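Novice: got a predicted structure here, sequence first:
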Number of protein chains: 2
Amino acid sequence: MTALCASTAAAIVIGNELLSGKIEEKNLLELSRMLRELGIRFVRAVVIADEIAVIRREVEELSRTVDVVFTSGGVGPTHDDVTMEAVAQAFGVDCVVDPVLERLLKQVYGEDLTEAHLRMALVPRGSELVSKTDAHWPATLVRNVFVLPGVPEIFRMKLESVRAHLRGSLPFISQAAFVTLEEVELKERLDAVVTRHPDVEVGSYPKWRDPAYRTKVTFDARDRAAVESALQDFLAQLEPGAVVRVE
Amino acid sequence: MTALCASTAAAIVIGNELLSGKIEEKNLLELSRMLRELGIRFVRAVVIADEIAVIRREVEELSRTVDVVFTSGGVGPTHDDVTMEAVAQAFGVDCVVDPVLERLLKQVYGEDLTEAHLRMALVPRGSELVSKTDAHWPATLVRNVFVLPGVPEIFRMKLESVRAHLRGSLPFISQAAFVTLEEVELKERLDAVVTRHPDVEVGSYPKWRDPAYRTKVTFDARDRAAVESALQDFLAQLEPGAVVRVE
């Protein structure tokens, strides 16, 4: 397949075990970092239960409103693994056995292969498989939706396959200034910087109980010169010694 | 105030820094555990950017569809802190200075108090403040929406105030069996248990690369006898030695 080009992304994280606090969510951070590196804006993530109707509605909405969608979870062989069926329903297709996945499962399980294993070869009709290399276990792409497993180690492995087939816009350039002043002391100066640099996203994050600095101020944009200009404008307004570091 | 009674909950996690992977989300796990302990079903969490229109739309929708909503993030004094305004807009009210918060800020900052500090006393008109004790920094409740800060240490402190004012239904009873069989080997037996115990939520979670067990099977319901019955039904179908432990 050719690479998928995207400038916006969303994620649908599926699993009762996450909402009930039994398991900590671990995939969003990995995904957000990859998207950032690729220059794709991550606009929204939702965490929902293993319910076909709920998953289907999210896929329907997000696949229309962003360029690329990722699902995490609900793709194993048991009764609570309903993501493939939900994605299929969202696109009005049925699930079919993918011959490549079927062959891979036969290679792995040999004579022990059961009907339950073969459930893991079922994908929405019209899906593509993407792999980093021929030897790599593939990830399933349905239209603009990558359907990934929830187990963090496998999610990460498959994300490598995704990365090889995804292109973003110009990556984001980011700078951060760590300062000794509190947010309230910075407010007016920050407001002025935000007004003068409308193309730069300025973030302000208080650090709680850290002796080294009180506030981290971030400057993000796709244009390096714009980021540098906003940063210098901000730094010029600070008292000497107020900046701990810039990175 | 009297306690808020809820059987369903949702969360709106706000912050560009989470979607860009600069900061790891840490509040959902705390929240999910508290809700579970209280017997409140956590049905949905969304992670969105610091944009008034986006936050407002989520608050509008979720405050209508679940009993209690939690927001996390966007409540400091700077330009990117827009949550209070967004929640106010969702309920069609304006923001006003809360006299209790104003007094607390004056106590903390004394002569150094600025207009920027006072921004932190602005709450949607009609908000209530809830505290664990009189000495505890209060959390803001707007209709059925608790508006909490994003900094995990402060989020956790305020969650204690929330807990003191929130009542759930009957708590969930949960049991888990750790077994040496793979999910695919369990599928038919699990399907049978699910069919015979429709009131029990059965979950199945493969463990990746753990020598101790292969699958964790969970049984959840509000009725202890129902959970025990489903667990025993499942255990009765396993080969001797297949169960590592039950907890």
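Specialist: In hand now; what should we look at?

Novice: as PDB, could you dump the C-alpha coordinates of the helix or strand containing A:Leu159?
Specialist: Element membership for A:Leu159, per DSSP states H and E: helix A:152-163. What follows is helix A:152-163 as a C-alpha-only set of coordinates in PDB (Å, rounded to 0.1, in the frame of the first residue of the first chain):
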ATOM      1  CA  PRO A 152       0.600  -2.300  25.500                       C
ATOM      2  CA  GLU A 153       3.500  -4.400  24.300                       C
ATOM      3  CA  ILE A 154       1.600  -5.600  21.100                       C
ATOM      4  CA  PHE A 155       0.200  -2.100  20.600                       C
ATOM      5  CA  ARG A 156       3.700  -0.700  20.500                       C
ATOM      6  CA  MET A 157       4.900  -3.400  18.100                       C
ATOM      7  CA  LYS A 158       2.000  -2.700  15.700                       C
ATOM      8  CA  LEU A 159       2.500   1.000  16.000                       C
ATOM      9  CA  GLU A 160       5.900   0.500  14.300                       C
ATOM     10  CA  SER A 161       4.100  -0.900  11.300                       C
ATOM     11  CA  VAL A 162       1.700   2.000  11.300                       C
ATOM     12  CA  ARG A 163       4.500   4.500  11.500                       C
END
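
Novice: and the residue most central in space within chain A, what pLDDT?
Specialist: Chain A has A:Leu31 as the residue nearest its centroid, 3.3 Å off, counting by Cα atoms, centre = their mean. Looking at A:Leu31, its pLDDT reads 98.

Novice: list the contacts for it?
Specialist: A:Ala11, A:Phe42, A:Phe70, A:Ser72, A:Leu159 (Cβ atoms under 8 Å, 6 or more residues apart in numbering or on different chains). Where C-beta positions appear, they are placed from N, C-alpha and C, glycine not excepted.

Novice: how about the host helix or strand of it, which residues are buried there?
Specialist: Using DSSP H and E, A:Leu31 sits in helix A:27-38. Residues of helix A:27-38 classed as buried: A:Asn27, A:Leu28, A:Leu29, A:Leu31, A:Ser32, A:Met34, A:Leu35, A:Arg36, A:Leu38 (neighbour count, 16 or more other Cβ atoms under 10 Å in any protein chain shown).

Novice: which one among those gets closest to B:Val193?
Specialist: Comparing those against B:Val193 with Cβ to Cβ places A:Asn27 closest, at 28.3 Å.

Novice: how near is that closest one to A:Ala90?
Specialist: A:Asn27 is 20 Å from A:Ala90, where distance means Cβ to Cβ, to the nearest Å.

Novice: show me where chain A has helices.
Specialist: For chain A, the helices defined by DSSP state H cover A:16-19, A:27-38, A:52-65, A:83-90, A:99-109, A:115-118, A:152-163, A:183-196, A:224-236.

Novice: now distance to B:Val147 too, for the ones you listed, in TSV please.
Specialist: Putting those into TSV (distance: least, Cβ to Cβ, whole Å) gives the following:
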stretch	distance to B:Val147
helix A:16-19	21
helix A:27-38	22
helix A:52-65	25
helix A:83-90	32
helix A:99-109	46
helix A:115-118	46
helix A:152-163	31
helix A:183-196	17
helix A:224-236	28
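
Novice: that older thread, helices and strands around the helix holding A:Leu159, which ones?
Specialist: If you count contacts as 3 or more Cβ pairs under 8 Å, 6 or more residues apart in numbering or on different chains; DSSP states H and E, helix A:152-163 packs onto helix A:27-38, strand A:139-142, strand A:145-148.

Novice: hmm, the lowest-mean-pLDDT helix or strand in chain A touching chain B?
Specialist: Lowest on mean pLDDT, DSSP states H and E among the helices and strands of chain A sits helix A:115-118, with a mean of 86. Yes - interface with chain B: helix A:115-118 contributes A:Ala116, A:His117 (Cβ under 8 Å from any Cβ of the partner chain).

Novice: what is that helix packed up against?
Specialist: Taking 3+ Cβ pairs under 8 Å, 6+ apart as the contact cut, helix A:115-118 packs with helix A:99-109, helix B:183-196.

Novice: do that again at 6 Å, thanks
Specialist: Helix A:115-118 sits against helix B:183-196, with contacts defined as 3 or more Cβ pairs under 6 Å, 6 or more residues apart in numbering or on different chains; DSSP states H and E.

Novice: helix A:99-109 and the helix it packs on, what's the angle between them?
Specialist: 110 degrees (axes from the mean of the first three to the mean of the last three Cα atoms, to 10 degrees).

Novice: and the angle for helix B:183-196 with helix B:224-236?
Specialist: Going by the same axes, to 10 degrees, helix B:183-196 makes 140 degrees with helix B:224-236.

Novice: quick one: is helix B:183-196 near chain A?
Specialist: Yes - residues of helix B:183-196 contacting chain A under Cβ under 6 Å from any Cβ of the partner chain: B:Glu183, B:Val184, B:Lys187, B:Leu190, B:Asp191, B:Val194.

Novice: buried set for stretch A:147-154?
Specialist: The neighbour-count check on stretch A:147-154 (16+ other Cβ under 10 Å) flags A:Val147, A:Leu148, A:Pro149, A:Gly150, A:Val151, A:Pro152, A:Ile154 as buried.

Novice: from those, which single one is nearest chain B?
Specialist: Set against chain B, the nearest of the buried residues of stretch A:147-154 by Cβ to the nearest Cβ is A:Val151 (5.1 Å).

Novice: how near is the residue lying closest to that closest one once chain neighbours are set aside to A:Pro149?
Specialist: Spatial nearest neighbour of A:Val151, excluding adjacent residues (Cβ to Cβ, 6 or more residues apart in numbering or on different chains): B:Trp208 at 5.1 Å. Distance, B:Trp208 to A:Pro149, using Cβ to Cβ: 10 Å.

Novice: what do you get for A:Ala242?
Specialist: The gap separating A:Ala242 from A:Pro149 is 47 Å, by Cβ to Cβ.

Novice: one more: A:Phe155?
Specialist: Relative to A:Pro149, and taking Cβ to Cβ, A:Phe155 is found at 6 Å.

Novice: closest one to B:Lys106 among the helices of chain A?
Specialist: Proximity to B:Lys106 (Cβ to Cβ) singles out helix A:183-196 among these, at 13.4 Å.

Novice: state the mean pLDDT of the closest one.
Specialist: The predicted model gives helix A:183-196 an average pLDDT of 92.

Novice: other SSEs contacting it?
Specialist: strand A:201-206, helix A:224-236, helix B:115-118.

Novice: would you mark the buried spots in that helix?
Specialist: For helix A:183-196, by 16+ other Cβ under 10 Å, it's A:Glu183, A:Val184, A:Glu185, A:Leu186, A:Lys187, A:Arg189, A:Leu190, A:Val193, A:Val194.

Novice: ok, A:Ala177 touching A:Glu247?
Specialist: No - A:Ala177 sits out of contact with A:Glu247 when judged by Cβ atoms under 6 Å, with a separation of 8.5 Å.

Novice: give me the more crowded residue out of the two.
Specialist: A:Ala177 (20 against 8; other Cβ atoms under 10 Å in any protein chain shown).

Novice: list the contacts of A:Glu182.
Specialist: A:Glu182 makes contact with A:Arg214 under the criterion Cβ atoms under 6 Å, 6 or more residues apart in numbering or on different chains.

Novice: repeat that with 8 Å
Specialist: A:Glu182 is in contact with A:Pro206, A:Arg214, A:Thr215, counting by Cβ under 8 Å, 6+ apart.
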